Each structure stands twice: as structure tokens, then as C-alpha cells.
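Engineer: Here is my input, please return the structure:
(chains A and B)
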Amino acid sequence: AQSVTQLGSHVSVSEGALVLLRCNYSSSVPPYLFWYVQYPNQGLQLLLKYTSAATLVKGINGFEAEFKKSETSFHLTKPSAHMSDAAEYFCAVSDGDNYGQNFVFGPGTRLSVLP
Amino acid sequence: DTGVSQNPRHKITKRGQNVTFRCDPISEHNRLYWYRQTLGQGPEFLTYFQNEAQLEKSRLLSDRFSAERPKGSFSTLEIQRTEQGDSAMYLCASSLATGGYGYTFGSGTRLTVV
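Structural biologist: Residues are numbered from 1 along each chain as shown, chains lettered A, B, ... in the order given. The predicted structure is shown next:
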């Protein structure tokens, strides 16, 4: 069964600073990996996804993530934080069948951006 | 297509009452999922449909919960005899049946049981 850990339930950065949100996964098969963002009282919006193509994945709003098999990681980065990036971020893993209990979300990391 | 639509956005109900939520998925998506999200947690899987067939249910889905997707389009989630512990955001998502594409989520229905 898949699982996801996100180190740091809350991360604070200054506006313009590097954003790094950590995600580690476990999966018995080559995984598909996703990052979602959730703004207050909203649903989840897909930021980017890794589906066994390029290991460096670029997403929306300037975010990118790198799949590192040896480290079982899929950390999310953005070179320069903007105030509008303040939100909750969720990493998710699936085994490719992409359904039901095989699609697992991490507990989330809340990103605060300080002026 | 305007994405996944959920109604109502907010629902406040008294303990013991029944509530029903509706989800309209993206029209070409044949899979539909229900998740529950409590404060500070990631979404937890409840159930999913492929077309009108309910293919999987989580152990979180007690017998007070029932979901339907009668014509393979919209879905409803009903909670009977609500309890305070049912207070959460209920998220609906849809996807194509082929793997690896991720889900498209609706904005959710926030349930508060008082």
C-alpha cells in the first residue's frame, strides 16, 4: 500500500525567498506522484504531477518538483515566494491505477508567506 | 465545462438529522470519488464509482453513509442520523478511468453538525 509523509506541518518563508516543501512516499510499484494546493474553504487544485516521464516536473504558478527514486522523495520548490502562495499543500501518491484507496494523500503542509 | 460542481457549499444541521450532498463531475469523466477532510488533515477516501457502479468503499463509510450515482453522471452522498463527528469538508473529485491523470476536485461541501 502507498503512503505519504510531509515533513513540517507548517512552513514560513519571507516573500521572495525559496519555497521548499518536502514529500516522501512509499510504494511497492513505480508511483505516480502529485502535488495539490488548497486555498481556504476551497477544493484541491492540481499543481503538478509525475507520471514516469521527466523526473523534473514543472507545474503552475512557478512551482516544480523533482522525483528522486533513490530518496523516495518528490519535494516541491519555487524560487521566489509570493504572498498569493500562502495555502495548504498536499502531496499524493498512486500506483497508477489512480482509484480508490490506492490514491493516498499526505497530511499537508501549510505555507505562510511573510511580507 | 465548468469543472466539478458541489452543492451546497455549506450545510449546518442538527445532530440526528439527515443530510444529502450533490456532486456534478466533469462530463467526460467516468470515475467519481468522495473524500472527507477534517481540519488540518489531508483528504481521506470514502468511496468511488466507475460510471454508475460503486466499486470501492472505505471502512470510514459507516452504514449511516450512502452514496449513489444512478445514471453515471451526478452523485449524491447521504448521511443519516448525523453526529458531531461527521463535521468535515466533503470533497468530490472526478477523473478518467485511465491511470496517472490525477483528480479534478470540486470546492467541497462543509458540513457542521451542531
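Engineer: near chain B at all, the helix or strand bottoming out on mean pLDDT in chain A?
Structural biologist: In chain A, the helix or strand scored least confidently by mean pLDDT, DSSP states H and E is strand A:103-105, which has a mean of 88. Yes: using C-beta under 8 Å from any C-beta of the partner chain, strand A:103-105 comes into contact with chain B via A:F103, A:V104, A:F105. All C-beta atoms are positioned from the backbone trio N, CA, C, and that covers glycine.
Engineer: Which positions in chain A make contact with chain B?
Structural biologist: Residues of chain A lying close to chain B (C-beta under 8 Å from any C-beta) are A:4, A:9, A:32, A:34, A:36, A:41-46, A:49, A:51-52, A:90, A:92, A:94, A:96-101, A:103-108.
Engineer: which of those count as buried?
Structural biologist: A:4, A:32, A:34, A:36, A:43-46, A:49, A:51, A:90, A:92, A:94, A:96, A:98-100, A:103-106, A:108 (16 or more other C-beta atoms under 10 Å in any protein chain shown).
Engineer: Keep only those of those that are in helices.
Structural biologist: In helices, defined here by DSSP state H, there are no members of those.
Engineer: hang on, the earlier thing: could you point out which element follows the least confident helix or strand of chain A?
Structural biologist: Next helix or strand after strand A:103-105 toward the C-terminus (DSSP states H and E): strand A:109-114.
Engineer: and the helix or strand encompassing B:F45, which strands flank it?
Structural biologist: For B:F45, the host element (DSSP H and E) is strand B:44-50. Paired with strand B:44-50 in the same sheet, following DSSP bridges, are strand B:31-37 (antiparallel), strand B:53-57 (antiparallel).
Engineer: Give me the neighbour count for residue 83.
Structural biologist: Looking at chain A here, since you left the chain open. When neighbours are counted by other C-beta atoms under 10 Å in any protein chain shown, A:M83 registers 10.
Engineer: Not quite, go with chain B.
Structural biologist: B:E83 has 12 neighbouring residues, counting by other C-beta under 10 Å.
Engineer: same question, B:D63
Structural biologist: B:D63 has 6 nearby residues by other C-beta under 10 Å.
Engineer: which residues touch residue 41?
Structural biologist: You didn't pick a chain, so chain A it is. B:S107, B:G108, B:R110 (C-beta atoms under 8 Å, 6 or more residues apart in numbering or on different chains).
Engineer: actually it's chain B I care about, not the one you picked
Structural biologist: Contacts of B:Q41 (C-beta under 8 Å, 6+ apart): A:P107, A:G108.
Engineer: cutoff 7 Å now
Structural biologist: Contact analysis of B:Q41 by C-beta atoms under 7 Å, 6 or more residues apart in numbering or on different chains lists A:P107.
Engineer: On the three-state scheme, it is what?
Structural biologist: The assignment at B:Q41 comes out as coil when based on DSSP: H, G, I helix; E, B strand; the rest coil.
Engineer: picking up where we left off before, between the contacts of A:N41, which has the most around it?
Structural biologist: B:G108 (27 neighbours).
Engineer: Geometric centre of chain B: which residue is closest?
Structural biologist: B:W34 (3.2 Å; C-alpha atoms, centre = their mean).
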